[in-house]
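In: this one's structure only:
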């Protein structure tokens, strides 16, 4: 399996604290030592960093701890390979351009038979189930809409596609079109929203505490979503299987499977 | 204008020496301070680093000097903005997936009326002429071939498309499909091939000398291509306007416009 980390915020926000916790799980406090990646959005594109090596021992991941890249949407992943060899081609997050925006996708879980799903205009570069699922989703969206739909219309379409993949196995997913961060809970995902009044938080995976009151303004809204809680003194909310969360500017909207019927 | 740097080699090769020279031109020894990027191929994809800031003063660019990323194909760019504001979206190299491979493109020059060229399945994310030209090229290739053609067939098609863009202005370009590195000289590009017996080289832009005999084996073949020579004690060959160079495993093949008639 793997672990995911996503962030959505209403102001450009520094993710280093959360990423430090995740990165330790890439070969130190967790077994996800087969690669890592992180994408920081800036407008309709993102800067991405990928390595097919353990994040816990990565010089580049260490540099990212020293270099604040403020962003409103972040997607990160540490990998424990199951399908697909350890290689750069198989390292999440994956990205593609659609409708003049860079889309980014990261997944943990397994999807039985996903490679039988027919592809449209997007082809996998590597050999993971995950990238196939991503290409299938984008191909379906491209076939259905001629241009980028309104966010609410896209929410529905993404939730429908995620539901189809959910039926194939475990589909914990983060996806963004540069406007909205989508999360689908196949088995395990949790989130928290930080807003005023801000407090302190301490990482589970290392001895690092931040007082967010010193780092933020009273208008900041920041939602962090992860496979497992990253801090030990905050209240993380678990998602249920099949839940889809849409995050825009840090604000969340929960689509439960029942709502989608 | 901007400056380009490309490399093709028959073994994974460390580009730090050449990149150090280019990076200084991004705001120190040269005026190209509006962003920089570099893509290192590994299989059918690449790891890329982009910043809409001067490379000469970049913490990330400095890290890349300390971190050997060996690669057989590299594309790098330092930007002096003319069309398109200074932003991550407008920072070269640009990349897209086509036929299950990541393609990468960097350009310097100006192309009059390029935005009137109709696009196919690829849309620009930013607002540069360059990215429009790249999307147009990929759309034309996708329309013409159902799958990745043989390298020699693709060479011809890329040269034809480059020739069409050459007619619109200045089109100094690097493009790769992960197998071949293509270079088109619109006005100014030069290259050199390093092979046994290897000698010493000294950067023009800083006081750094390398003895390649100590860094290589006798079978290594490495071709470097750049807007302007990067070393002062090696013999760089200028390309002529309209020349297309194909580079595979460090080996070059020159297609002059006359050959293309």
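Out: Looks like it arrived, so ask away. Only a predicted model underlies this, so the values are computations on that prediction, with no experimental measurement involved.

In: Bridged to residue A:31, which residues?
Out: residue A:26 (DSSP bridges).

In: ugh, wrong one, residue A:47
Out: Going by DSSP bridges, residue A:47 forms beta bridges with residue A:40.

In: Quick check, it in contact with residue B:53.
Out: No - here residue A:47 does not reach residue B:53: they are 11.2 Å apart, not a contact under C-beta atoms under 8 Å. Using the backbone N, CA and C atoms, a C-beta is placed for each residue, glycine as well.

In: from the stretch 101-250 of chain A, which residue is nearest to chain B?
Out: Per C-beta to the nearest C-beta, residue A:123 is where the stretch 101-250 of chain A lies closest to chain B, at 4.1 Å.

In: tell me, how many neighbours does that residue end up with?
Out: 17 (other C-beta atoms under 10 Å in any protein chain shown).

In: Find the nearest non-adjacent residue to it, please.
Out: Residue nearest to residue A:123 in three dimensions, not counting chain neighbours: residue B:100, with 4.1 Å by C-beta to C-beta, 6 or more residues apart in numbering or on different chains.

In: For the one you found, give its distance to residue A:103.
Out: Using C-beta to C-beta, to the nearest Å, residue B:100 is found at 17 Å from residue A:103.

In: Report pLDDT for residue A:133.
Out: Per-residue pLDDT puts residue A:133 at 98.

In: isn't residue A:247 right next to residue A:225, touching?
Out: Yes - between residue A:247 and residue A:225 there is a contact under C-beta under 8 Å: 7.3 Å.

In: what touches both of the two?
Out: A:6, A:181, A:183 (C-beta atoms under 8 Å, 6 or more residues apart in numbering or on different chains).

In: so who does the first one touch?
Out: Contact analysis of residue A:6 by C-beta under 8 Å, 6+ apart lists A:73-76, A:106, A:174, A:176, A:181, A:183, A:224-226, A:247.

In: Turn those into JSON lines, including secondary structure and pLDDT.
Out: What follows is those, written out as JSON lines (DSSP: H, G, I helix; E, B strand; the rest coil; pLDDT from 0 to 100):
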{"residue": "A:73", "secondary structure": "strand", "pLDDT": "98"}
{"residue": "A:74", "secondary structure": "strand", "pLDDT": "98"}
{"residue": "A:75", "secondary structure": "strand", "pLDDT": "98"}
{"residue": "A:76", "secondary structure": "strand", "pLDDT": "97"}
{"residue": "A:106", "secondary structure": "strand", "pLDDT": "98"}
{"residue": "A:174", "secondary structure": "strand", "pLDDT": "98"}
{"residue": "A:176", "secondary structure": "strand", "pLDDT": "98"}
{"residue": "A:181", "secondary structure": "strand", "pLDDT": "98"}
{"residue": "A:183", "secondary structure": "strand", "pLDDT": "98"}
{"residue": "A:224", "secondary structure": "strand", "pLDDT": "98"}
{"residue": "A:225", "secondary structure": "strand", "pLDDT": "98"}
{"residue": "A:226", "secondary structure": "strand", "pLDDT": "97"}
{"residue": "A:247", "secondary structure": "strand", "pLDDT": "98"}
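
In: Going through these, which ones are buried?
Out: A:73-76, A:106, A:174, A:176, A:181, A:183, A:224-226, A:247 (16 or more other C-beta atoms under 10 Å in any protein chain shown).

In: and chain B, which of those residues reach it?
Out: Among those, no residue sits close to chain B (C-beta under 8 Å from any C-beta of the partner chain).

In: any chance you could map the strands in the stretch 51-200 of chain A?
Out: Here the stretch 51-200 of chain A has its strands, by DSSP state E, counting those that start in this stretch, at A:70-79, A:94-98, A:101-108, A:172-176, A:181-184, A:190-195, A:200-202.

In: Is residue A:213 in contact with residue A:199, as I believe?
Out: Yes - Residue A:213 lies in contact with residue A:199 (C-beta under 8 Å); the separation is 6.9 Å.

In: so where's the stretch 101-250 of chain A uncertain?
Out: Of all residues in the stretch 101-250 of chain A, none has pLDDT under 70.

In: on that earlier part again, the strands of the stretch 51-200 of chain A: which one's closest to residue A:252?
Out: strand A:190-195 (6.6 Å; C-beta to C-beta).

In: Show me what the closest one pairs with in its sheet, parallel or antiparallel.
Out: In its sheet, and by DSSP bridges, strand A:190-195 pairs with strand A:221-226 (antiparallel), strand A:237-238 (antiparallel).

In: quick one: that strand to chain centroid distance?
Out: 14 Å (C-alpha atoms, centre = their mean, to the nearest Å).

In: And the contacts of that strand?
Out: Contacts for strand A:190-195 (C-beta under 8 Å, 6+ apart): A:183, A:201, A:212, A:216, A:220-229, A:231, A:234-239, A:245, A:250, A:252.

In: rerun at 7 Å
Out: Applying C-beta atoms under 7 Å, 6 or more residues apart in numbering or on different chains, the external contacts of strand A:190-195 come out as A:212, A:220-226, A:229, A:234-239, A:245, A:250, A:252.

In: cool, and stretch A:107-122?
Out: A:1-4, A:82-83, A:92, A:96, A:129-130, A:132-133, A:135-136, A:138-140, A:142-143, A:165, A:168-173, A:186-187, A:227, B:97, B:121.

In: Just the residues you listed: which are in helices?
Out: The helices, defined by DSSP state H, take in A:129-130, A:132-133, A:135-136, A:138-140, A:142-143, A:165 from these.

In: Among the residues you listed, name the buried ones.
Out: A:129-130, A:132-133, A:135-136, A:138-140, A:142, A:165.

In: ok, which pair from these is furthest apart?
Out: It's A:129 and A:142 that sit farthest apart of those, by C-beta to C-beta, at 20.4 Å.

In: Which positions in the longest strand along chain A come out as buried?
Out: If you go by DSSP state E, chain A has its longest strand at strand A:2-14. By 16+ other C-beta under 10 Å, the buried positions in strand A:2-14 come out as A:2-10, A:13-14.

In: Please list the residues of chain A that sit near chain B.
Out: When proximity is defined by C-beta under 7 Å from any C-beta of the partner chain, chain A lies next to chain B at A:42-45, A:47, A:50, A:59-60, A:63, A:67, A:87-89, A:96-97, A:99-102, A:121-125.

In: Which of those residues fall in helices?
Out: Using DSSP H, the residues of chain A next to chain B in helices are A:59-60, A:63.

In: For stretch A:104-122, measure first residue to last.
Out: 13 Å (C-alpha to C-alpha, to the nearest Å).

In: separation between the closest residue to residue A:220 other than its chain neighbours and residue A:29?
Out: The spatially closest residue to residue A:220, leaving aside those adjacent along the chain, is residue A:11, at 5.4 Å (C-beta to C-beta, 6+ apart). To residue A:29, residue A:11 is 30 Å away according to C-beta to C-beta.

In: now residue A:190
Out: Counting by C-beta to C-beta, the gap from residue A:190 to residue A:29 is 17 Å.

In: I'd assumed residue A:164 was in contact with residue A:171.
Out: No - using C-beta atoms under 7 Å as the test, residue A:171 is too far from residue A:164 to be in contact (9.3 Å).

In: Which one of those two is surrounded by more residues?
Out: Legend: neighbour count by other C-beta under 10 Å for residue A:171 and residue A:164, higher for residue A:171 (26 against 14).

In: got a list of what the nearest residue to the more buried one once chain neighbours are set aside touches?
Out: In space, residue A:171 comes closest to residue A:186 once its chain neighbours are excluded; the distance is 3.9 Å by C-beta to C-beta, 6+ apart. Contacts for residue A:186 (C-beta under 7 Å, 6+ apart) come out as A:109, A:166, A:170-172, A:241.

In: As JSON lines, those with distance to residue B:36 would be great.
Out: Formatted as JSON lines, the contacts of residue A:186 follow (distance: C-beta to C-beta, whole Å):
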{"residue": "A:109", "distance to residue B:36": "37"}
{"residue": "A:166", "distance to residue B:36": "41"}
{"residue": "A:170", "distance to residue B:36": "40"}
{"residue": "A:171", "distance to residue B:36": "37"}
{"residue": "A:172", "distance to residue B:36": "35"}
{"residue": "A:241", "distance to residue B:36": "44"}
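
In: This completes my enquiry, with thanks.
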